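Student: no FASTA, just this:
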């Protein structure tokens, strides 16, 4: 993940699914697709048989150590056992994206019934991003063209797997000060990809989007309401929206703390109430995007491209901060989010399947390292203990270890570490 300052709510202890939603549910929501060779994004996004997940397979503190082909296959089998059939990646200039597509392709050859599809992310930067020079947010990086070209090559090579291309990841939100671009940059490349579809170079049913913070899609401050954004909303096939209520337990904590009417409740009751408010907070951000889109006279699917809840933090969200991070709260958020999005026909790319420790390499207890549903010891966190009980991981391993439960499955030991939110003044 990244450092987000705004974003969404909880899901089910058993991985249910997502669907696509505008105002009404897609007619595909109850359709089970049987001819996998002809499946398109329209079939997948909105189909409750196709659970979505954000994916990064990096296991080490050193991000230069790429996951091997066998490690990627290992992860694909675990995610498939959880019911996941649609993944989101972030950067095609790193080997993981290419190797992931190869791993899925090989798994499909080994087992024709194996299904996994990908929303392939093309990373987009402004000029001078990640250099010692001042970022120029009004110009784009020369590398963007290479990133898009690589994405096109992969989509053409694996049309049976790549069903969506996302141009940029939180590339327009202004707090991404190291690299954000103006909406015209995203619009330029979205239009380019749409033109390739029209010419027949890319499949006509390949969907094109951008994956960005809710504010970037018009759901926040009016500074984002520019002509190029409106044109972008009209150009994409759907809107991929990010929402992270967990981050706003620190940055905008009004929704989070214990209310006066809750002071006499038990700690778990206080937490349950706060997590319901977190879900409502995510819903409000989603709906703010929908309201803005509708104000433009546009009506198309809006999906959740990313949301999640960390289980550990020694900073803003931990015991000395908003007290938001632990496995109990992650499980509640996961359940609430899946319940809501499934009921409303919204696809949800939950962040994320596995912990990754490179994200805050200098701080092992940093929250960015702990958004996974499975940790780096191959232990399922509380949100998916039920899947271990059901035996869905039987015979599967990660790094040679079977998937077991955190806390040795002792819920009382887990609960001892759970803290109620601060009192809301």
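Tutor: Right, received. Where do you want to start? Quick caveat: nothing in here was measured; it's all calculated off a predicted structure. Residues are numbered from 1 along each chain as shown.
Student: Name the secondary structure element that contains residue 395.
Tutor: Following DSSP states H and E, one finds residue 395 outside all helices and strands.
Student: ok, longest helix in the chain?
Tutor: helix 267-295 (DSSP state H).
Student: correct me, but residue 304 touches residue 342?
Tutor: No - using C-beta atoms under 8 Å as the test, residue 304 is too far from residue 342 to be in contact (11.6 Å). Every C-beta, even on glycine, is put in place using the N, C-alpha and C of the backbone.
Student: Give me the more crowded residue out of these two.
Tutor: More crowded of residue 304 and residue 342, by other C-beta atoms under 10 Å: residue 304, with 30 against 20.
Student: Tell me how many other residues surround residue 204.
Tutor: As a burial measure, residue 204 scores 8 neighbours (other C-beta under 10 Å).
Student: measure it to residue 198 for me?
Tutor: Counting by C-beta to C-beta, to the nearest Å, the gap from residue 204 to residue 198 is 8 Å.
Student: ok, now residue 64?
Tutor: Residue 64 is 39 Å from residue 198, where distance means C-beta to C-beta.
Student: can you list the weak-confidence ranges in the chain?
Tutor: 1-37, 425 (pLDDT under 70).
Student: show me where it has strands.
Tutor: 51-54, 84-88, 117-122, 126-127, 136-140, 162-169, 207-213, 239-242, 302-307, 348-350, 379-380, 397-398, 401-402, 404-405 (DSSP state E).
Student: Which other helices and strands does the third one contact?
Tutor: It stands for strand 117-122. With contacts defined as 3 or more C-beta pairs under 8 Å, 6 or more residues apart in numbering; DSSP states H and E, strand 117-122 has these neighbours: strand 84-88, helix 95-110, helix 143-157, strand 162-169, strand 207-213.
Student: Between strand 162-169 and the longest one, find me the angle.
Tutor: With axes from the mean of the first three to the mean of the last three C-alpha atoms, to 10 degrees defining the directions, helix 95-110 sits at 170 degrees from strand 162-169.
Student: now do the first one
Tutor: What separates the directions of strand 84-88 and strand 162-169 is an angle of 40 degrees, with the same axes, to 10 degrees.
Student: do the same with the last one
Tutor: For strand 207-213 against strand 162-169, the angle between stretch directions is 40 degrees (the same axes, to 10 degrees).
Student: So residue 163 sits against residue 38, correct?
Tutor: No - in this structure, residue 163 is not within contact of residue 38 by C-beta under 8 Å, at 11.3 Å.
Student: Settle it for me: which of the two has more neighbours?
Tutor: Between residue 163 and residue 38, counting by other C-beta under 10 Å, residue 163 is the more crowded of the two (25 against 10).
Student: residues touching that one, list them.
Tutor: For residue 163, the contact set (C-beta atoms under 8 Å, 6 or more residues apart in numbering) comprises 39, 40, 41, 44, 86, 117, 118, 119, 206, 207.
Student: Give me the buried subset of those.
Tutor: Buried members of the contacts of residue 163, counted by 16 or more other C-beta atoms under 10 Å: 39, 40, 41, 44, 86, 117, 118, 119, 206, 207.
Student: would you turn these into JSON lines with distance to residue 100?
Tutor: Listed next are these as JSON lines, based on distance: C-beta to C-beta, whole Å:
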{"residue": "39", "distance to residue 100": "18"}
{"residue": "40", "distance to residue 100": "20"}
{"residue": "41", "distance to residue 100": "18"}
{"residue": "44", "distance to residue 100": "17"}
{"residue": "86", "distance to residue 100": "13"}
{"residue": "117", "distance to residue 100": "11"}
{"residue": "118", "distance to residue 100": "7"}
{"residue": "119", "distance to residue 100": "12"}
{"residue": "206", "distance to residue 100": "17"}
{"residue": "207", "distance to residue 100": "19"}
